[in-house]
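Peer 1: Return a 3D structure for these sequence lines:
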Amino acid sequence: MNDKELRDNRLIFYKDDIEKINKLLEEFIGVSGSKCVFLVDKSGHLITQRGTTESFNPDTLSALIAGSFAATKEMAKILGESEFSVLFHQGKKDHLHISLVGDTAILAIVFDETTTIGMVRLYAQETIDKLDKIFKIALTKTRAAGDIVHEDFSSTAKDKLDSLFEK
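Peer 2: Numbering: from 1, shown residues only. You can find the predicted model right below:
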């Protein structure tokens, strides 16, 4: 993705967006039986999280999740795929299910033997579909705000620079 595409597709979440996302993630934990769930942007920044995370640092895990997804994207290209949309890591007690949400975010779910990968996958897809709708609305708001800010900022900046350099 080039710089223009990154700028055009960036998401800015407002308070009401985060509240909707958090509610959705809490519902996901309830129905799936997962321990915790993270929403991470593709650059590795934690957007929000829900659930229990006492045993690890969520910011560190978020960065590693994004890195893992980036590495996997390159593996997919080697195999002739554009990217893999789901990753799964199985541990002795905890497991990690990672899925793409649109083009901008990653949903990471930590779960244990009290639930199954099937339950996590089923409810993860439903959650991703709902998140995608929230993201589309947020992108519309971001673009609308960007247009307003851009015009106002350009005009104000030009006026300030003109006044600074007047002789």
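
Peer 1: what about the strands in this protein?
Peer 2: 36-41, 46-51, 86-90, 94-101, 105-112 (DSSP state E).

Peer 1: Kindly reformat these as a markdown table containing mean neighbour count, distance to residue 130 and mean pLDDT.
Peer 2: For every residue, glycine as well, the C-beta is placed using N, CA and C. Shown next, in a markdown table, are those (neighbours: other CB atoms under 10 Å; distance: least, CB to CB, whole Å; pLDDT from 0 to 100):
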| stretch | mean neighbour count | distance to residue 130 | mean pLDDT |
| --- | --- | --- | --- |
| strand 36-41 | 23 | 12 | 95 |
| strand 46-51 | 19 | 14 | 95 |
| strand 86-90 | 13 | 17 | 92 |
| strand 94-101 | 20 | 10 | 94 |
| strand 105-112 | 22 | 11 | 95 |
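
Peer 1: okay if I get those as JSON lines plus distance to residue 128?
Peer 2: Below are those laid out as JSON lines (distance: least, CB to CB, whole Å):
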{"stretch": "strand 36-41", "distance to residue 128": "10"}
{"stretch": "strand 46-51", "distance to residue 128": "14"}
{"stretch": "strand 86-90", "distance to residue 128": "10"}
{"stretch": "strand 94-101", "distance to residue 128": "5"}
{"stretch": "strand 105-112", "distance to residue 128": "6"}
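
Peer 1: Okay, buried residues for stretch 21-40 please.
Peer 2: 21, 24-25, 28-29, 32, 34-40 (16 or more other CB atoms under 10 Å).
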